[in-house]
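Participant: model this:
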Amino acid sequence: MADNLYFNEAKDTVLRFIAKEYPTMPEKLITQIITNFYKFCSYEEEGAKIKPKMLVLNNIDWVSKNVPNFYKVQLFCDEDESMFSSRIKASFVFCQTDWYTYIEVKDNKYTYGICKLMNSIKEKTLSQLLFESPELTSSDKINLIQLDTLSSYAISLRGVKGGDIIVNFSINDSNFLNRESVIKCFVKSTFSKLKTTKTKLNEIKIMFENILRRALNDIHGAICVVVDKDYKDKGFFADGIWLETPIEFSKSFLMSKSYSEAKLTNIAELFISMLNYDGITIVDNMGRIRAYNVFIKPEKFNKNATTGGARKRAAYAIINSGIRKIVGVYFHSQEGEIFYEEVKK
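Facilitator: Predicted structure coming up:
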C-alpha cells in the first residue's frame with residue numbers, strides 16, 4: 001500500500017500566519033480559503049490562465065478612506081461563508097485586467113467584490129500602498145491579508161502586521177522569495193545612465209517596476225537583456241528585430257511638464273507584448289527598447305548545461321558570454337522562477 005504524504009507543516013504555518021494577521025477570522029472561512037487554494041493556481045477563463053489576487057479583510061471602507069484613488073465594486077453579500085467557492089470564481093475573471101478580488105467579514109456579513117487603484121502607471125501599486133502605509137500597518141482597526149498567485153503551484157500570503165509567507169505546492173524549490181529585489185536590480189540597471197532629476201528618475205523606475213509586475217501576471221516567461229547605451233551588436237544578437245528608432249520610456253513625460261497617460265500605458269502594453277513574443281527583448285541602460293524577437297544560435301549554449309529549458313539555457317549563455325557592453329540578463333519562467341544576473345566579465 002502506498003504511503004500518503006501530507007503538507008501538514010504548510011497548513012500549520014498558514015494557520016499561525018492567519019492567527020497573527022487576522023485573529024478574528026471565522027474558522028469556517030479559514031477552512032474555505034485553505035480548501036480553495038488550488039483554485040488560485042489553476043484558474044482559467046476561456047483558455048486564458050489568470051493569476052488572481054485577493055484581499056481578505058474586516059473593513060473595506062476603512063481602506064477606501066486611507067488609500068488614495070482606491071475604487072471598489074461590491075458584487076455579493078451573504079449571511080455565511082457557504083458560497084465562498086462560487087463567489088470567488090465569479091470575481092476572478094476581473095483579475096485578468098489587474099483588479100483585486102476582496103472578501104470582507106463584518107457584522108456577520110460576507111461581502112465580496114473587486115477593487116483597484118485608479119492612478120497613473122507611474123505611481124505606486126495597491127500592494128505597495130497597503131503594506132508601506134503607516135496608517136494601515138500600525139492601526140488596530142484593520143486586519144488584512146493579501147493572497148497573490150505567483151505561479152501554477154505557488155501562492156504568497158502577506159499581512160499588514162508584517163507576516164509574509166509562500167505556499168509552494170511543488171516539491172522542487174523555486175525562486176519566489178526575492179521577486180521584488182530582482183525587479184529593482186533589473187530596473188536599476190535599465191536606467192543607470194539616464195540623466196534626469198532624482199524625482200523624475202524615481203517616477204520612471206516606479207513605472208517600469210509596475211510594468212514588470214504586470215508582466216509577471218500576464219506573460220508565460222521572458223528574457224530581457226540590458227546592454228550599454230553605446231552597444232553595437234557584432235553578430236551575437238543578429239537573429240532578431242532591431243528597431244531603427246529605439247522606443248524611449250522617458251521621453252513621454254520626463255522632458256516636459258505634461259505627459260500623456262494614454263501614451264505611457266500603450267508603450268507599457270507594447271513592451272509587455274514584446275516580452276511575451278518568442279525570443280529575447282533588448283533594452284539599454286538609458287531605458288530604451290532596442291530590439292525584440294531576438295535569438296542566439298544554439299552553439300552559443302553551454303553544452304554542459306543540462307538543467308532548464310531553452311529559454312533558461314539561452315539566459316545563461318548570455319550571462320557567461322563575457323561580451324563587453326552587455327550589462328545583465330533578466331529572466332522569468334512560466335513556473336515563476338525569476339532572476340537578474342550581470343554578465344560575467
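
Participant: What helix or strand is the residue nearest the centre of the chain located in?
Facilitator: When the chain is reduced to its mean C-alpha position, the nearest residue by C-alpha atoms, centre = their mean turns out to be Arg213, at 3.2 Å. Under the criterion DSSP states H and E, the helix or strand holding Arg213 is helix 198-218.

Participant: For that helix, name the packing helices and strands.
Facilitator: Applying 3 or more C-beta pairs under 8 Å, 6 or more residues apart in numbering; DSSP states H and E, we find helix 198-218 packed against helix 179-190, helix 261-276. Using the backbone N, CA and C atoms, a C-beta is placed for each residue, glycine as well.

Participant: I'd like to know which elements the strand or helix carrying Glu341 is packed against.
Facilitator: When elements are assigned from DSSP H and E, Glu341 belongs to strand 338-342. Counting contacts by 3+ C-beta pairs under 8 Å, 6+ apart, the secondary-structure elements packed against strand 338-342 are helix 179-190, strand 326-332.

Participant: Of the ones you listed, which shows the lowest average pLDDT?
Facilitator: Per-segment confidence across the helices and strands packed on strand 338-342 bottoms out at helix 179-190, which has a mean of 91 in mean pLDDT.

Participant: which stretches of this protein have low pLDDT?
Facilitator: For the chain, applying pLDDT under 70 flags the ranges 1-7, 171-177, 252-259, 299-308.

Participant: Do a quick rundown of the helices in the stretch 1-150 of the chain.
Facilitator: With DSSP state H, counting those that start in this stretch, the ranges of helices along the stretch 1-150 of the chain come out as 8-21, 27-35, 37-42, 60-66, 84-92, 126-132, 134-137.

Participant: Identify whichever of the ones you listed lies nearest to Gly163.
Facilitator: Nearest to Gly163 among these is helix 8-21 (4.9 Å), distances taken as C-beta to C-beta.

Participant: Could you check the closest one and say which residues are buried?
Facilitator: By neighbour count with 16 or more other C-beta atoms under 10 Å, helix 8-21 contains the buried residues Ala10, Val14, Phe17, Ile18, Glu21.

Participant: coming back round to it: the residue nearest to the centre of the chain is in contact with Thr125, isn't it?
Facilitator: Yes. The pair Arg213 and Thr125 qualifies as a contact (C-beta atoms under 8 Å) at a distance of 6.6 Å.

Participant: one step back: between the helices and strands packed on strand 338-342, which one is nearest to Ile272?
Facilitator: Ile272 lies closest, by C-beta to C-beta, to one member of those: strand 326-332, at 12.4 Å.

Participant: on contacts alone, who are the packing partners of that closest one?
Facilitator: helix 179-190, strand 222-227, helix 310-319, strand 338-342.

Participant: May I see these arranged in CSV, with mean neighbour count and distance to Gly328 as well?
Facilitator: CSV is the format used below for the helices and strands packed on strand 326-332 (neighbours: other C-beta atoms under 10 Å; distance: least, C-beta to C-beta, whole Å):
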stretch, mean neighbour count, distance to Gly328
helix 179-190, 19, 5
strand 222-227, 24, 5
helix 310-319, 19, 8
strand 338-342, 19, 4
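
Participant: I am finished for the moment; much appreciated.
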